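Chemist: Build me a model:
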Amino acid sequence: MEIYHKGLNQYPSLLYLDGRGSELHQSQIRDSIDSDDIDQIVQNINSYIELRKFSVNLDYESTLNLLLSKNRNVNINNWSGKSALHLAVAIKNKNITKALLRNGANANTQDKFGNTPLTTAVWNGDESIVNLLLSNNASVNTQYDLLAFTILHLAVIKRNQKIVKALLNNGAKIDHQGYFRMTPLMIAVWNDDEGMVNLLLTNNASVDLKNNNGNTALHLAIIKNNINIAKSLINSGADVNVQGKNLMTPLLTAVWNGDEAIVNLLLSKKASADLKNRIGITPFYLSIIKKNMNMAKALISSGANVNVQGYDGMTPLMTAASNGEEALVNLLISKNASLEIKNAFGNAAIHFAAWSGNIKVIKMLLGHGADVNSKGENGETPLHSAVRKSNKNLKHRKKPLSLKGLNVLVMQILLEHGAEINSQNYLEQTALHEAAALGDAPIVDYLLSQNASFNIQDYVCFTPLQWAANNGNVDVIKSLLAHGDDVNRKGCNGVTALHLAIRRNDTNFIKFLLSKNADTNAMSEDGRTPLDLAFNPLSKEIIKLLLSHGARVEDNSYLGSKILFDAVSNKSIEITSLLLDNIRNFNAYPTVILNHAIVTGFSEGFNMLISHGANIVDKDIHGNLPLTLAVMSRSAEFIKLILETGSNKIDKKNFHNFLDADCEVKLFKKRNDVLQIRNATALHVASYYGLKDLVSPLISYGASLDVGDERRYSPLHYAIDNDHVEVVKVLLDSGSNKSAADMNATTPLHIASKKGLIPIVKLLLSDPPAPIDQADNNGYTPLHFAAMNGSLEIAKLLLNLNADKEARTIDFKTPLHLASREGHEEIIKILLRAGAEKDASDVDGMTPLHFASREKHLKAVEKLVFSNAYVNSRNKNGSTPLHLACERSTKPVGEIIAIVYNLKIFNADLNAKDNNLMTPLHIASIDNSSEVIELIVEEGADRFSRDVFLNLPIHYAALFGHYNAIIKLFQIDNIFGLFIRDFSHSISVNINKETPLFLAAREGHTRVVALLLQVGVESIQPDTKARTALHRSAARGHLEVVKLLRQSLLNIEKKDKWGFTALNYAASWKGHQDVIGSLSTNQSDITLSYYLKKSNPSGKNLDKQTQIQVKKLAGITLGIPYSFNLNTGKFQYIYSP
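Modeler: All right, here's what the predicted structure looks like:
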């Protein structure tokens, strides 16, 4: 149309073509055609036809003939690939179409989108032009667009039977599969076009072809609920038992849609009633799920198996019982449905009936012989299931439930039919345990009225009273006490209701128990009284309440009072003062608490303790001196008070010894980076922390400069190691030796190079200079340390002084190895430029690229691969750099993706297997690298590859302690409306018959153990050899796991099939002394151990180290008791170290 807009006024010939001209212009047109004007304006016939769309008065025949006489090429295409023939067909002009065809127009020319003139004619529904093109040999099987549809597909979509017939008569392929592998017949079926379907069937269209979903035309007809089309397809030979998407048969699809007419049609055509879909559901089972009686009867009449088991072993009877469908249950029983079959979790139909609470269904099942005491999932009976159903109803009650209520009636029926009221599940819990834990007081009352025992202790030493207290169910406790239970009842762990109430920090609950004469000084097996526990929530009100009811501050521990220690530790002035006012014989044990006050910086408490006569000279039970701890606390106030007090109390001849006295200390660089030092003096500590204002006074008082600790570290080593330049200057000015080497041959230059301390390096290289290539005992030179540290200036300085760039450590690492491992790309660059070997292997076969990939250093990887480092090199374990790149990392996901991508584009093998047949995908799974897993799977990694041990992902996640990976494995799937909560992975067993909990316990993954303990009863069940998680963790010496399991109140006396306890396992040939001590030590002594560690200067980290949080899993109500505070959907487990 550009010609149209630009040329109307400039070229009179176009005025004629546009219809605006007069007869006067005809001579001008002829003149233009004879000149070059027509070649510039109307370069081909396309332009004419474009103009034709805008003119109604154009004498097209004479003008067309005139144009054709001058333009011999009728097949020139415009910008979109359309020819004149395309345009003529598009405007439905048959005469122009004929003229173009007569003059040699190509009937099969395609535009940029693959459209031919025939495609356009079919789209327009222009039968005459379609026939004209077909008579001129237009192709009928051309695919006309990116969807791979043919012209026949298009005609079917347009519902034009005449054109379809014409196309078929001219050889159109009737079964061509286009987009989504849809045939013309499938499209006609989906459009409910019965006439078109019959036309295609008459022309022998295939009825058995499948689309991308695996569905045939018959599936589609049933999905559309079109019985007429379904009949036509069946009459044409369609297979009524063909399986499509998710292995769904036509009959399954019809049942799902609830179309009884089609169901009857298919059954009359011998459709199978027993074929299963992907999750094991048959048409009959599905009819029960859909609650359709008529279809169920029809399917039974056709021979359906009434005892078929689907997903998780569920039968139709179980489903009907669970739904409370009386009529269906009656039908199934009348057809001999089995009452005894159990699903994969061990539940029979009676369990589901009890859980549903339908009285009639329960009576039907029991009346036909169902076992009222059948043991189901976790060993629970129908009576247990009824209690859980009661709890579900309790959540939705608006009024109290009377004894004649539905749930009580269910229990009455079960008991009348012989249910054992004190039957215990695998956790040794009775129905009363569960009702008490769930807080259902009316049910508790009823069970007690039926002589349910409140004396039974379960697997974790809890009676119903402890469960009620653990969950804060006051009404339940009232019921239990009213029936004769003891408020001070203890289980085998010595825990009382008051202990549990205080753990909950529930003041009203505590007051209630005290009003019932709860013992305030009762001591549990772990040695804690209610007063000891009261300090956890820092509740002054509760402490006063307990003291007013006779609670004693003093205990028999070496601390004298655990709660006083807690008060000092938490810097509580009021509580410290309150407790000191109620304590006796304080002078007998002041040292530990005083030193803890120093470490925690509790100046008010420090002054109070000093005023009570605390000792400042002697070491505490940990061997720590107050002066050393004061230096560590960096408190000038404490140091001043200690020095002043010492100068007044200590003889002058002993004062020097007081200053240089050493003790065992732990020095903290960072919160989690602990350097243990033995025999350190106060000057060592002051130099370590760079406390110049303390170093000078200590030196002035005569502290030794060159004294070494047991590693021969001098104060100068410590000052340089921690970059305290001013302290270094003070020490050097005072005469410290700058060339001194420790027992590992480490010099100050090694340390300064390692730390990148340029000013100190320059000082040490000044006259007299330190040796440049001197190696320490591990073979490290200053250049190794500079490369490892990434100090470019130091590296350049050393290289300029001819430092050895190929120097090897004792494990054959070069500086390039270390620079690559640490990701210092500029160091890598200068080393490569200096000629360093890029593929050098260390003693483990690791190349620099291995290290860069393992540590996720993107820039380092790029520099190495672009320098042609070999990407598929193997270390001694058979791992490639890609294996190492897939390991877990804290680096940003984008960098990890870029590293993997860089390795891939340089031909890294995605499915390379190491010596254990593990691929990079295995490594990513083992190391919890979920983003990497997604990436490499998309790039073609084999996600189903197994290693030599055939482990499932959850086993590896548990084995390596990957909490987040396990959380992700607990998913909910929705298949055909059936919601399936997938906690089953948590109890799966590997080739060695080990559950994930056993693996986590065996390997010592405390947080994973805590999570899996929450999941459910089955996670802690003994294995086939009757070994528990406590056995496994004790056997490997995992002290923290053992402590957690003990705090979980597991019975440590439980024996395996050979009669061995966890203590026997701990005392195996390896002899894990710490675990043996824990299992054989009284719980009270374990508690004292907690305070022993916390009172140590390192105790400031104890809170973080001894608390773990795990996610509260949805749907988990009962479980193993812990000490916990519930907050925002998470459990916080606190256990003694």
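Chemist: Report the buried residues of stretch 833-846.
Modeler: By neighbour count, with 16 or more other Cβ atoms under 10 Å as the criterion, the buried positions of stretch 833-846 are 836, 838, 840-842, 846. Just so you know, the C-beta spots here come from the backbone N, C-alpha and C atoms, and that holds for glycine as well.
Chemist: And residue 113, how far from residue 250?
Modeler: 37 Å (Cβ to Cβ, to the nearest Å).
Chemist: Same question for residue 270.
Modeler: In terms of Cβ to Cβ, residue 270 sits 12 Å off from residue 250.
Chemist: Settle it for me: which of those two has more neighbours?
Modeler: residue 250 (32 against 9; other Cβ atoms under 10 Å).
Chemist: Double-check the more buried one against residue 240; I have them as touching.
Modeler: Yes: applying Cβ atoms under 8 Å, one finds residue 250 in contact with residue 240, separated by 5.7 Å.
Chemist: Can you pull the residues that touch both of the two?
Modeler: Here residue 250 and residue 240 share the contacting residues 218, 266, 271, scored by Cβ atoms under 8 Å, 6 or more residues apart in numbering.
Chemist: Only the buried members of those: can you turn that into a PyMOL selection?
Modeler: In PyMOL syntax, the buried subset of the shared contacts of residue 250 and residue 240 is picked out as below (16+ other Cβ under 10 Å):
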select buried, resi 218+266+271
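Chemist: Serialize the shared contacts of residue 250 and residue 240 to a markdown table and add fields for distance to residue 388, pLDDT and secondary structure.
Modeler: A markdown table is the format used below for the shared contacts of residue 250 and residue 240 (distance: Cβ to Cβ, whole Å; pLDDT from 0 to 100; DSSP: H, G, I helix; E, B strand; the rest coil):
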| residue | distance to residue 388 | pLDDT | secondary structure |
| --- | --- | --- | --- |
| 218 | 44 | 97 | helix |
| 266 | 40 | 97 | helix |
| 271 | 40 | 96 | coil |
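Chemist: Just flag the most distant two among the buried residues of stretch 833-846.
Modeler: 836 and 846 (15.2 Å; Cβ to Cβ).
Chemist: could you pull out the strands for this structure?
Modeler: Taking DSSP state E to define them, one finds strands in the chain at 663-670, 673-680, 972-975, 978-981, 1107-1111, 1124-1127, 1130-1134.
Chemist: For residue 483, give me its contacts.
Modeler: Residue 483 sits in contact with 448, 454, where contact means Cβ under 8 Å, 6+ apart.
Chemist: returning to that earlier point: with respect to residue 169, which of the buried residues of stretch 833-846 is nearest?
Modeler: For the buried residues of stretch 833-846, the minimum distance to residue 169 (Cβ to Cβ) is 71.2 Å, reached by residue 838.
Chemist: Could you tell me the model confidence score at the closest one?
Modeler: Note on residue 838: pLDDT of 93.
Chemist: which one is it nearest to, not counting chain neighbours?
Modeler: residue 869 (5.0 Å; Cβ to Cβ, 6 or more residues apart in numbering).
Chemist: Hmm, residue 840 and that neighbour touching each other?
Modeler: No: the criterion here is Cβ under 8 Å, and residue 869 misses it with residue 840 at 10.2 Å.
Chemist: Done for today, thanks.
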